[in-house]
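Asks: no sequence for this one, just the structure:
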């Protein structure tokens, strides 16, 4: 079988390039080729949709957003667990000196849906800037930004700090700040059809790449390799090599790490539908469901400041699909219902026992108790979390073994 593997032409993907060059995937029963995507994550996710890539390493936020919106791929692993440090750049001749100085300016982005697009929106929100679609100018890639900023076609450009350093050094860009992602930098995604037909091959290929990354991270010549292949100054390559963290071989995706991405991109209007981490992770990554129906009651009671009280009774039954929720009560504040459902869904995504997410269940709220002064949104949220986790502790569940 021939696999097309790709990602941005950056040092984060050096383990993949070396593994292909060294023939490490051939014993797994496949031939491989590497495809560079200078246009970034937006171009990668488009390639999944048109079927021109099989496995790739997009930025985590870009992959999650695209998959939640229907992309033809699923996450199978986190590739770089450390955050990406984005350089925030103006033209070399700009008088701006800080990120605050850039308010109201236009962002150069590789394309809509790319990391440069999404992270520009995240940063703009944090700084309280008003933006619109006219605030973004697609320029294709790093080379496009190198032309656009000096020409005045856009004023701000966010890209990997280490990869833009040579262009800061030569005066093309002026770095006015650094912005770090609040989540892991890169993921591994695979085409849905490949996951359906050959999940074991995906597991083995990603595991071999991660093993090569582990040996590379321990190689004292890594900075020199980065200098030779990517034209980065030795001091910058050294700093990067000390900061980057690749995934462990066969480590699973922690769905709790994806929840902040989904919430942020939903709030920014980039995710079009209600989504949960289980919607973007490959089902081969491991999920579990209840074998039999369980009824359970949990009480949250805390005598402190503030006092908390809430009691919740749930019936959890096997069902098809994800997690559905209904109410079999007439006399409950709908605000409490929303809080309980939020708690239940949060617990299903990231159970207290640290195991796989729970899917394929229907949860019915069958009873509750409240206190006139001590009950509120938080108490009922906590009661929903606690009731689901306690029910999970006593339930018989069936797990599907993950591919990673």
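Replies: Thanks, I have the structure now. Quick caveat, the model's predicted, so the values are computed rather than measured.
Asks: Strands of the stretch 251-400 of the chain, residue ranges please.
Replies: Secondary structure of the stretch 251-400 of the chain (DSSP state E, counting those that start in this stretch): strands located at 287-290, 294-302, 308-318, 323-327, 361-369, 397-400.
Asks: quick one, phi/psi of residue 131?
Replies: phi -130, psi 160 (degrees, to the nearest 10).
Asks: where does the stretch 151-300 of the chain dip in pLDDT?
Replies: Within the stretch 151-300 of the chain, the stretches with pLDDT under 70 are 248-252, 283-286.
Asks: for the stretch 1-150 of the chain, same thing?
Replies: Using pLDDT under 70, the stretch 1-150 of the chain has no residue that qualifies.
Asks: all strands of it, in order?
Replies: Taking DSSP E, counting those that start in this stretch as the test, the strands found in the stretch 1-150 of the chain are 2-7, 31-36, 55-56, 73-80, 85-91, 107-109, 136-138.
Asks: which other residues reach the second one?
Replies: Residues lying outside strand 31-36 but in contact with it, judged by C-beta atoms under 8 Å, 6 or more residues apart in numbering, are 1-9, 16-17, 20, 25, 47, 52-53, 205. C-beta: built from backbone N, CA, C; applies to glycine.
Asks: Now the residue lying closest to residue 97 once chain neighbours are set aside: which helix or strand?
Replies: Counting by C-beta to C-beta, 6 or more residues apart in numbering, the nearest residue to residue 97 once its immediate chain neighbours are dropped is residue 176, at 6.1 Å. Assigned by DSSP states H and E, residue 176 falls within strand 173-180.
Asks: Run me through the strand neighbours of that strand, direction for each.
Replies: The strands that strand 173-180 pairs with in its sheet are strand 85-91 (antiparallel) (by DSSP bridges).
Asks: measure residue 346 to residue 9 for me?
Replies: 38 Å (C-beta to C-beta, to the nearest Å).
Asks: And residue 370, by the same measure?
Replies: Applying C-beta to C-beta to residue 370 and residue 9 gives a distance of 58 Å.
Asks: Any regions of the stretch 301-404 of the chain where pLDDT drops low?
Replies: Using pLDDT under 70, the stretch 301-404 of the chain drops low at 305, 354, 399-404.
Asks: hmm, try it at 50
Replies: Scanning the stretch 301-404 of the chain for pLDDT under 50 picks out 401-404.
Asks: where exactly do the helices run in it?
Replies: Here the stretch 301-404 of the chain has its helices, by DSSP state H, counting those that start in this stretch, at 334-349, 377-394.
Asks: what's the following helix or strand after the strand holding residue 176?
Replies: Counting by DSSP H and E, the element after strand 173-180 in chain order, helix or strand, is strand 186-191.
Asks: Would you mind pulling the contact partners of that next one?
Replies: Outside strand 186-191, the residues that touch it by C-beta under 8 Å, 6+ apart are 7, 12, 44-45, 48, 51, 53-60, 63-64, 67, 72-80, 84, 202, 206, 282.
Asks: next one: stretch 256-272
Replies: Defining contact as C-beta under 8 Å, 6+ apart, one finds that stretch 256-272 is touched by 60-61, 64-65, 68-69, 75, 78, 113, 118, 121-122, 125, 182-184, 274-277, 280-281, 346, 349-350.
Asks: Can you tell me which of those are buried?
Replies: 60-61, 64-65, 68-69, 75, 78, 113, 118, 121-122, 183-184, 275-277, 280-281, 346, 349-350 (16 or more other C-beta atoms under 10 Å).
Asks: ranges for the helices of the stretch 151-300 of the chain?
Replies: Under DSSP H, counting those that start in this stretch, the stretch 151-300 of the chain gives helices at 161-169, 192-197, 199-217, 222-230, 234-243, 259-267.
Asks: got the angle between the fourth one and helix 161-169?
Replies: This means helix 222-230. Note on geometry: by axes from the mean of the first three to the mean of the last three C-alpha atoms, to 10 degrees, helix 222-230 and helix 161-169 are set 60 degrees apart in direction.
Asks: Can you name every helix or strand that helix 222-230 contacts?
Replies: Identification of packing neighbours for helix 222-230 by 3 or more C-beta pairs under 8 Å, 6 or more residues apart in numbering; DSSP states H and E yields helix 14-21, helix 234-243.
Asks: Ok, which of those comes nearest residue 287?
Replies: Counting by C-beta to C-beta, residue 287 lies closest to helix 14-21 out of the helices and strands packed on helix 222-230; the figure is 27.4 Å.
Asks: in that closest one, what's buried?
Replies: For helix 14-21, by 16+ other C-beta under 10 Å, it's 14-20.
Asks: Kindly report the same for stretch 29-38.
Replies: Across stretch 29-38, burial judged by 16+ other C-beta under 10 Å covers 30, 32, 37.
Asks: wait, what's in contact with residue 374?
Replies: 306-309.
Asks: I meant residue 63, not that one.
Replies: Per C-beta under 8 Å, 6+ apart, neighbours of residue 63: 41, 45, 71, 73, 75, 187, 189, 280.
Asks: do you know how far it is from residue 282?
Replies: Using C-beta to C-beta, residue 63 is found at 12 Å from residue 282.
Asks: try residue 366
Replies: Taking C-beta to C-beta as the measure, residue 366 falls 34 Å from residue 282.
Asks: Which of the two has more residues huddled nearby?
Replies: Taking neighbours as other C-beta atoms under 10 Å, residue 366 and residue 282 compare with residue 282 leading, 26 against 15.
Asks: Correct me if wrong: the more buried one contacts residue 75.
Replies: Yes: with contacts counted by C-beta atoms under 8 Å, residue 282 reaches residue 75, the gap being 6.4 Å.
Asks: that older thread, turn the helices of the stretch 301-404 of the chain into a markdown table, columns for distance to residue 107.
Replies: Output for these, formatted as a markdown table (distance: least, C-beta to C-beta, whole Å):
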| stretch | distance to residue 107 |
| --- | --- |
| helix 334-349 | 32 |
| helix 377-394 | 36 |
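Asks: Of those helices, flag the one that's most buried.
Replies: Highest mean neighbour count of the helices of the stretch 301-404 of the chain: helix 377-394, a mean of 22 (counted as mean count of other C-beta atoms under 10 Å).
Asks: which other residues reach that helix?
Replies: Taking C-beta under 8 Å, 6+ apart as the rule, helix 377-394 contacts 294, 296-300, 308-314, 316, 335-336, 339-344, 346-348, 351-353, 358, 363, 368, 370.
Asks: Fine, thanks again, bye for now.
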